[in-house]
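Undergrad: Quick check, what structure comes out for this input:
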Amino acid sequence: MRTKTLLVALALALCVCVAAPTTFAQNLINNGNFGTGDFTGWTTGGNFEDTGVTSGAFYDYSGGQGGSTYYAYLGPVGTPGTLSQTFSDVAGAQYTFSFWFASVGDSPSTFSALWDGTPILSLTNPDTGANWTQYTFTETGTGTDTIQFSFRDDPGYMALDNVSVTEQTSGTSVPEPSSLLLLGTGALGIGGMVRRKLRR
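TA: As a prediction, the model looks like this:
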């Protein structure tokens, strides 16, 4: 009888978790992982030669981040190219601006990230050891904001992927669906353990 009561209680708790309103951080950037295979959703500018979207290995790079095999390769010579995107958000709210970047220290090369025209990252001859490195910043929304990347790599290329802008939320974090599934699996496992123990 106790086993049935425990199983029913656990099942009800799981149902409550699944049925509760769930809000996940929405990426305000369109095609941030370049999963379309091109620059759909982005505004391109400046010197855009030797720049595009590709998949698979590139130099020593191991491929894209963020659930897509695509990433942007950046290689304008002499003068920089730009990638930008404007989006709507909530004025006064805090946002996490994040992206993955890889480079090998070519000289001369430059890379910068800007929020509403203000540089928040400026690198000269950046070298990540050909490894993907995540950069993350906290910015305040104004209602309509613009992110921009400026880049130049004369001898070779740099790479960019998984660009995101998500609102920061306070309070108790909501489990993702995969976490809820693990919770349910754990609950069933506990119920099975109790049942086996009572049958001894």
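
Undergrad: Please make it C-alpha for all contacts and neighbour counts, starting now.
TA: Noted.

Undergrad: Going along the chain, name the helices of the protein.
TA: Taking DSSP state H as the test, the helices found in the chain are 2-19, 177-199.

Undergrad: hey, least reliable of those helices by pLDDT?
TA: Comparing the helices of the chain by mean pLDDT, the weakest confidence falls on helix 177-199, with a mean of 35.

Undergrad: any idea how far residue 164 is from residue 28?
TA: The gap separating residue 164 from residue 28 is 7 Å, by CA to CA, to the nearest Å.

Undergrad: who's more crowded, these two?
TA: A side-by-side neighbour count of residue 164 and residue 28, using other CA atoms under 10 Å, places residue 164 first with 22 against 19.

Undergrad: Where does the prediction get shaky in the protein?
TA: Along the chain, the model assigns pLDDT under 70 to residues 1-24, 57-68, 170-200.

Undergrad: And it, what are its domain boundaries?
TA: The chain breaks down into these structural domains: 2-20+177-199, 43-167 (assignment by automatic domain parsing).

Undergrad: Return the set of buried residues in stretch 112-122.
TA: 112-115 (16 or more other CA atoms under 10 Å).

Undergrad: Contacts for it, please.
TA: Contacts to stretch 112-122, defined as CA atoms under 8 Å, 6 or more residues apart in numbering, come from residues 110-111, 123, 137, 139, 145-151.

Undergrad: can you check stretch 150-164 too?
TA: 27-29, 32-34, 64-66, 70-83, 96-104, 106-113.

Undergrad: Would you mind putting the CA coordinates of that stretch into CSV?
TA: Once side chains and other backbone atoms are set aside, the C-alpha atoms of stretch 150-164 remain, and they are given as CSV (Å, rounded to 0.1, in the frame of the first residue of the first chain):
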residue,chain,number,x,y,z
SER,A,150,33.7,44.0,-37.5
PHE,A,151,36.6,41.8,-38.8
ARG,A,152,39.6,41.6,-41.0
ASP,A,153,42.1,38.8,-41.6
ASP,A,154,44.7,39.4,-44.4
PRO,A,155,46.6,36.1,-44.3
GLY,A,156,43.8,33.7,-43.5
TYR,A,157,40.5,33.4,-41.8
MET,A,158,38.7,33.6,-38.5
ALA,A,159,35.4,31.9,-37.5
LEU,A,160,32.2,32.9,-35.8
ASP,A,161,29.2,30.9,-34.6
ASN,A,162,26.3,30.5,-32.1
VAL,A,163,25.5,34.2,-31.7
SER,A,164,22.8,34.9,-29.2
